[in-house]
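In: What shape does this take:
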Amino acid sequence: MIFWILFSILLLLLLACTAIAWILYSAMMIRKDTLHYPASADPYAKERLEVQRWNADHLSGCLRIPLRGDSVTLIGYYYPLCPNSKKAVLCVHGYTSEHTERLALAELYRSLGYNILAPDCRAHGESSGIHRTMGYYDEEDVILWARYLTDVLGIEEIILDGVSMGAATVLAASGHPDLPSSVTAVVADCGYTSTHDIYAYQLKHTYHLPVFPILNIAEWFCRHCGHFSSTENAPIDRVRASHTPTLILHGAEDDFVPYFMAGQLYNACAAPKKMVTIPDAQHANSHFAHPELYQQAIRDFLTDLPHHA
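Out: Sure thing, here's the model as predicted:
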């Protein structure tokens, strides 16, 4: 009798964990409408509106580029801010965002002589796809975009720039064996060490739920439904093989991707590297919280590159 009671309890717990794992997987990994910040709750609503106005003012002069990936069609926007320049920044947005997110830095990059290519990640914005893979396939997409810049547009110097999921993606790409030699630097803002790590942190600290077995079951869904992994191709593993100069930026008050992950990535990175902490900044808001400090950090990093001209 006691055996069956214990068995029933364990079975119910397993079913509950499986349900939570499915909710986690379906909510986070399966495409939904793009997240929009409610103006009333967003302290930087005015700044985000200015970014959208900048984009609207420059749309007529930009090039919309479709690019075929493994099983998706990717859409990117190329802004020829410096038409005579052979330099470009490949800007990769964060989770549930879209290609305009990093255009807040457009004028900074223009002042340094860079054009901008801003793609929508797979299953985001105008790009096709069902599964959001948190960088797993996105790093391959970054390689494709970098090749396009080099082979089609004749770009000779590429900076990989990303925020949050985009930062994790460009960090992973920096150690990819097929990274084009035209990629000369990485700027990564609030990237996570791995998809598994960030979900484990959120489960434990935000939702007060057990990591085991929920993430183990969620990983099964990732592999068998989405055909990707939350543990493989992790940024913290990829940067150990990177030779690309890397700037790591992170807000000191980030409570989504915890600040300590920046230190872990910095310590693991084998490339020439620099880390800058943005005080009082929450997740993915560092460039709004302290724009002068943030932009000066990027300017100093890029102007100190060996081949900067």
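In: what about residue 144, neighbour count?
Out: The number of residues packed near residue 144 is 17, by other CB atoms under 10 Å. Where you see a C-beta, it was placed from the backbone N, CA and C, and this is true even at glycine.
In: could you say which helix or strand contains residue 274?
Out: Using DSSP states H and E, residue 274 sits in strand 273-278.
In: what does that strand contact?
Out: With CB atoms under 8 Å, 6 or more residues apart in numbering as the contact definition, strand 273-278 has outside contacts at 245-252, 259, 262-263, 266, 286, 289-290, 293-294, 297, 301.
In: Give the buried residues for the helix ranked longest in the chain.
Out: As assigned by DSSP state H, the longest helix anywhere in the chain is helix 2-29. Judged by neighbour count using 16 or more other CB atoms under 10 Å, the buried positions of helix 2-29 are 17, 18, 20, 21, 24, 25, 28, 29.
In: In a markdown table: those residues, plus pLDDT and distance to residue 210.
Out: Listed next are those as a markdown table, based on pLDDT from 0 to 100; distance: CB to CB, whole Å:
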| residue | pLDDT | distance to residue 210 |
| --- | --- | --- |
| 17 | 78 | 8 |
| 18 | 86 | 13 |
| 20 | 84 | 9 |
| 21 | 80 | 11 |
| 24 | 79 | 12 |
| 25 | 80 | 16 |
| 28 | 82 | 18 |
| 29 | 86 | 20 |
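In: hmm, back to that, quick one: list the elements packing against the longest helix of the chain.
Out: Secondary-structure packing of helix 2-29 (3 or more CB pairs under 8 Å, 6 or more residues apart in numbering; DSSP states H and E): helix 195-205, helix 211-221.
In: which parts of the next helix or strand after the last one are buried?
Out: Think helix 211-221. Downstream of helix 211-221, the first helix or strand assigned by DSSP H and E is helix 235-238. Within helix 235-238, the residues scored as buried using 16+ other CB under 10 Å are 235, 236, 238.
In: Just put these in TSV and tack on distance to residue 85.
Out: Formatted as TSV, the buried residues of helix 235-238 follow (distance: CB to CB, whole Å):
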residue	distance to residue 85
235	29
236	33
238	29
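In: ok, residue 182 - contacts?
Out: Applying CB under 8 Å, 6+ apart, we find residue 182 in contact with 146, 149, 150, 155, 156, 157, 158.
In: Okay, and which of the contacts of strand 273-278 map to helices?
Out: The members of these that map onto helices under DSSP H are 262, 263, 266, 286, 289, 293, 294, 297, 301.
In: Selecting buried members of these in ChimeraX, what would you type?
Out: A single ChimeraX command selects the buried members of those (16+ other CB under 10 Å):
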select :262,286,289,293,294,297,301
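In: can you list the ones in helices among the contacts of strand 273-278 in CSV and add pLDDT and distance to residue 212?
Out: Listed next are the ones in helices among the contacts of strand 273-278 as CSV, based on pLDDT from 0 to 100; distance: CB to CB, whole Å:
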residue, pLDDT, distance to residue 212
262, 98, 26
263, 98, 25
266, 98, 28
286, 97, 33
289, 96, 36
293, 98, 40
294, 98, 38
297, 98, 38
301, 98, 39
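In: List just the nearest of the ones in helices among the contacts of strand 273-278 to residue 86.
Out: Among the ones in helices among the contacts of strand 273-278, residue 301 lies closest to residue 86 (CB to CB), at 19.7 Å.
In: ok, the closest one - contacts?
Out: By CB under 8 Å, 6+ apart, the contact set of residue 301 is 185, 187, 245, 247, 274.
In: same deal with residue 127?
Out: 72, 73, 74, 75, 119, 120, 121.
In: Quick check: the farthest pair among those?
Out: Maximum pairwise distance in these, criterion CB to CB, is 12.5 Å, between 73 and 121.
In: Compare the two and say which is more crowded by neighbours.
Out: Between residue 73 and residue 121, residue 121 has the larger neighbour count (other CB under 10 Å), namely 32 against 13.
In: Hmm, residue 90 and the more buried one touching each other?
Out: No - between residue 121 and residue 90 there is no contact under CB atoms under 8 Å: 11.7 Å.
In: Tabulate the contacts of residue 127 (TSV), appending secondary structure and pLDDT.
Out: Compiled in TSV, those are given as follows (DSSP: H, G, I helix; E, B strand; the rest coil; pLDDT from 0 to 100):
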residue	secondary structure	pLDDT
72	coil	95
73	strand	97
74	strand	97
75	strand	97
119	strand	98
120	strand	97
121	coil	97
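In: and which of those residues is nearest residue 218?
Out: Using CB to CB, residue 121 comes nearest to residue 218 of these, at 20.4 Å.
In: so what's the closest one closest to, chain neighbours aside?
Out: Spatial nearest neighbour of residue 121, chain neighbours left out: residue 138 (5.4 Å); criterion: CB to CB, 6 or more residues apart in numbering.
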